[in-house]
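S.K.: Here is a sequence with its predicted model. Questions after.
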Amino acid sequence: MQNQKLPNATTVLILGIVSIVTCCCYGIIGLIAGGVGLMMANKDMKLYNENPEMYSNYNNLKIGRVLCIIGIILSAIWLAYMIFMFSLVGLEGMQDQELMQEKIRELLG
């Protein structure tokens, strides 16, 4: 019997990479890409666990799943940081670097 490839393993790998690369885009794109990749990975893992000897690219799926998890964590940290900075200095401070530095100096003493 010939081994098949898992249907979403390559897509999960690509989404994992995209989630890490785009984690600094306010965190939202990385969260979406990582979440979708993680859902697809879980679906393929169930498929693989039913008949492991039938599929050949399980390593790509595992690597993609790990990348999705890392991308979700980095995106969540970046999103929390952006929310914190927005609440700290406001919209004007986020757009003007000098104003941001002045507000941070005021907060620090």
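M.R.: Yep, that arrived.

S.K.: For the rest of this, base every contact and every neighbour count on C-alpha atoms.
M.R.: OK.

S.K.: quick one: Gln2 from Cys23, how far?
M.R.: Using Cα to Cα, to the nearest Å, we find Gln2 at a distance of 39 Å from Cys23.

S.K.: close enough to count as contact, Met82 and Ile28?
M.R.: No. Judged on Cα atoms under 8 Å, Met82 makes no contact with Ile28 at a distance of 10.8 Å.

S.K.: Report the contact partners of the residue nearest the centre of the chain.
M.R.: Nearest to the mean C-alpha position of the chain, by Cα atoms, centre = their mean, lies Gly71 at 2.7 Å. Residues near Gly71 by Cα atoms under 8 Å, 6 or more residues apart in numbering: 16-17, 19-21, 23, 30-31, 34.

S.K.: can you check Met40 too?
M.R.: 8, 12.

S.K.: Look up how far Ala80 lies from it.
M.R.: Distance of Met40 to Ala80, given as Cα to Cα: 25 Å.

S.K.: before we move on, back to that, Gln2 and Cys23: who's more crowded?
M.R.: Cys23 (26 against 8; other Cα atoms under 10 Å).

S.K.: Could you confirm that one falls within a helix?
M.R.: No. According to DSSP: H, G, I helix; E, B strand; the rest coil, the state of Cys23 is coil, so it is not within a helix.

S.K.: which ones are touching it?
M.R.: 29-31, 71-72, 74-75, 78.

S.K.: Let me see the mean pLDDT of stretch 25-42.
M.R.: What stretch 25-42 shows for mean pLDDT is 95.

S.K.: mind listing what's buried in it?
M.R.: Buried residues in stretch 25-42, defined by neighbour count with 16 or more other Cα atoms under 10 Å: 26-38, 40-41.

S.K.: repeat for stretch 92-109
M.R.: Per 16+ other Cα under 10 Å, stretch 92-109 contains these buried residues: 93-94, 100.
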